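**Student:** My questions are about this predicted structure, shown below with the sequence.
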Amino acid sequence: MPTKIDIPNINDIQLLSTIIQERLSGSNANYFSNYQSNWLSRYNEYITNSGNPENILDSNIATEHKNKFINLYEKKPNSIGIEIIKPLNKHELSLCPFCSEAGKPNTLDHFLPKNTYPEFSILSKNLVPACDACQKINAKGSKVFNLKGKRLFLHPYYDIPLDIEIFKIKILKPFETGHKYKLFINKDLLDKNLRKIAIRHIRTLNIHNRFKEFYSKEYLRKKDLIKDIINICTITELSKVKEIVNSFYLKEKSVGINYWDTIIYKAFLDNDELLEFILNS
């Protein structure tokens, strides 16, 4: 369940001219100078298509030239480090945009992998803060498409609706343990193609299994917290219980609507039978 984040307020088109000027004294001066118009065209293609790899042509950079672009990201010289990488790393995120798990992401992921699309190695719109778990080889790694040529991932800058949960859960009995729940894509996510990508995104990043482990601990903690407040405040009405849970939900929602704690509190809030059980247990 990815989270929408703001598109970087960086003028990549303007910066590219500066970056090429800075390269004129280097060993790759002629190459970058000759590639400038194509580079600008590729940037415009990426931005116009919101980073959707299904609508972006494959890279035509020859293998022997790929490192010229990749090294710009790895070494971060001059304007690249100051105007692109530093601002992107100054984010105040407290969750990973790709999975919405808690924790500040400390590295940048190339949404379209730099080895496959080297010309986007330093494009700010292609650099997304991400957690280590999402970037593993057995998760996102350098994947782009499935075997049918369909894109695997939602783009945190472009694809995700601001105010809709990507997926929801329904907590099932027995409520004593809460080990069982049903996970489903939110029906309010009306775009069918977006829903299909969301399913591939969640499966490929192994989000369901990671969330399941988190949920197994958090369900009991949250249930006990609600029960403690019921007892302390001598609450006897379901409506009052819902007010308490709603306050917790709104607090977590301020972090992100797809934040894992938000999703669990929403499942409590939507389940009157569960809240009745907690109230009367």
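**Tutor:** All right, it came through fine.
**Student:** How are the strands of the stretch 151-281 of the chain distributed by residue range?
**Tutor:** 167-171, 181-185 (DSSP state E, counting those that start in this stretch).
**Student:** what lines up beside the last one in the sheet?
**Tutor:** Which is strand 181-185. Strand 181-185 has its sheet partners listed here by DSSP bridges as strand 167-171 (antiparallel).
**Student:** how about the partner strand: buried residues?
**Tutor:** Phe167, Lys168, Ile169, Ile171 (16 or more other CB atoms under 10 Å). (C-beta placed from N, C-alpha, C; glycine too.)
**Student:** Roughly how far does the nearest residue to Glu22 once chain neighbours are set aside sit from Asn246?
**Tutor:** Leaving out its chain neighbours, the residue that sits closest to Glu22 by CB to CB, 6 or more residues apart in numbering is Asn78, at 4.8 Å. Separation of Asn78 from Asn246 (CB to CB, to the nearest Å): 50 Å.
**Student:** hmm, back to that, let me know whether the residue nearest to Glu22 touches Gln21 as I believe.
**Tutor:** No - applying CB atoms under 8 Å, one finds Asn78 not in contact with Gln21, separated by 9.7 Å.
**Student:** Run a quick neighbour tally on Lys242.
**Tutor:** Neighbourhood size, Lys242 [other CB atoms under 10 Å]: 16.
**Student:** which residues does it contact?
**Tutor:** Lys242 sits next to Leu269, Leu275 when contact means CB atoms under 8 Å, 6 or more residues apart in numbering.
**Student:** Kindly state the pLDDT recorded for the residue nearest to Glu22?
**Tutor:** We have a pLDDT of 88 for Asn78.
**Student:** Next: the one 5 residues further on.
**Tutor:** Glu83 carries a pLDDT value of 96.
**Student:** Just to check, it is in contact with Ile10?
**Tutor:** Yes - the criterion here is CB under 8 Å, and Glu83 meets it with Ile10 at 6.8 Å.
**Student:** Tell me which of these two has more neighbours.
**Tutor:** Counted by other CB under 10 Å, Glu83 and Ile10 do not tie: Glu83 has more neighbours, with 19 against 16.
**Student:** Can I take it that that one is in a helix?
**Tutor:** Yes - per DSSP: H, G, I helix; E, B strand; the rest coil, Glu83 lies within a helix segment.
**Student:** Which residues are in contact with it?
**Tutor:** With contact set as CB under 8 Å, 6+ apart, Glu83 has these partners: Ile10, Leu15, Thr18.
**Student:** Specify the local secondary structure of the first one.
**Tutor:** Going back to what we said before, that points to Ile10. From three-state DSSP, the assignment for Ile10 is coil.
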